[in-house]
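Colleague: got a sequence here, can you build the structure:
(2 chains)
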Amino acid sequence: EVQLVESGGGLVQPGGSLRLSCAASGFTFSSHSMNWVRQAPGEVLEWISYIGHTGSEIKYADSVKGRFTISRDNAKNSLFLQMNSLRVEDTAVYYCARDSGYCTRGGCYRWHDYWGQGTLVTVSS
Amino acid sequence: DIQMTQSPSTLSASVGDRVTITCRASQSISSWLAWYQQKPGKAPKFLIHDASTLESGVPLRFSGSGSGTEFTLTISSLQPDDFATYYCQQYNSYPYTFGQGTKVEIK
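Modeller: Reported below is the predicted structural model:
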């Protein structure tokens, strides 16, 4: 059974840092790209970061670029999100999400087929 | 960035009703569209990829269609477990973007 378990959320002051983790099990972690998606209270889903299965390909949403860093440790089946210079507007539930998909001549196309339960990050003074 | 617009924002329906949710993309995304279901306090659940391919285990009353810029999610006969918020997401290009969601409420 595929399981994704996030941890590391909590209350942090504006300008502070936090590191989220996502422990994966039930599948070959090193074969799948991964993502972080967040959802502010009562708001819609926002994709914020992607990392390829080897870790060599990384993408960010403009809203977090330069402040957040995604990484992974395939030996430990873990995904991470280092969040620096946190702002009040970063308050959200953060989900890790596994990708499935395929590549064509036109590119690679991936959807998020499994999600963790989420971890709440609250940025407030 | 590609903008995704869902309609309606809220839909009131009864058990047994046929329900259709529309998702429009600001530019063509071919068929690179997914649908997710989310219940309060829970993570999204993946339903459909490539606009119309049902994930294994998802009830057959769910179906998706469309290509280009206009897509639909249809629930052929609404069941009590289906009352939730539904999101579309394009994966044609980064940043991947979601619609604002459609809440399906009990009438």
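Colleague: counting neighbours, what do you get for the nearest residue to residue B:67 once chain neighbours are set aside?
Modeller: Using CB to CB, 6 or more residues apart in numbering or on different chains and skipping residues adjacent in sequence, the residue nearest residue B:67 is residue B:31, 4.9 Å away. All C-beta spots, glycine's among them, are computed from the backbone N, C-alpha and C. Neighbour count for residue B:31, taken as other CB atoms under 10 Å in any protein chain shown: 17.
Colleague: and if you look at the one 4 residues further on?
Modeller: Per other CB under 10 Å, the neighbour tally for residue B:35 reads 29.
Colleague: list the contacts of it.
Modeller: B:23, B:47, B:48, B:62, B:64, B:73, B:86, B:87, B:88, B:89 (CB atoms under 8 Å, 6 or more residues apart in numbering or on different chains).
Colleague: where's the residue nearest to the spatial centre of chain B, which helix or strand?
Modeller: A centroid search over chain B (CA atoms, centre = their mean) returns residue B:35, at 4.1 Å, as the residue closest to the centre. Here residue B:35 sits within strand B:33-38, counting by DSSP states H and E.
Colleague: which residues of chain B lie near chain A?
Modeller: Within reach of chain A by CB under 8 Å from any CB of the partner chain, chain B has these residues: B:32, B:34, B:36, B:38, B:42-46, B:49-50, B:55, B:87, B:89, B:91-92, B:94-101.
Colleague: buried subset of these?
Modeller: B:32, B:34, B:36, B:38, B:43-46, B:49-50, B:55, B:87, B:89, B:91-92, B:95-101 (16 or more other CB atoms under 10 Å in any protein chain shown).
Colleague: the residue nearest to residue B:67 touches residue B:52, doesn't it?
Modeller: Yes - with contact defined as CB atoms under 8 Å, residue B:31 counts as touching residue B:52 (7.2 Å).
Colleague: give me the common contacts of the two.
Modeller: residue B:66.
Colleague: other SSEs contacting the longest strand seen in chain A?
Modeller: Counting residues, the longest strand found in chain A (DSSP state E) is strand A:92-104. If you count contacts as 3 or more CB pairs under 8 Å, 6 or more residues apart in numbering or on different chains; DSSP states H and E, strand A:92-104 packs onto strand A:3-7, strand A:18-25, strand A:34-39, strand A:107-115, strand A:119-123.
Colleague: fine, thanks again, bye for now.
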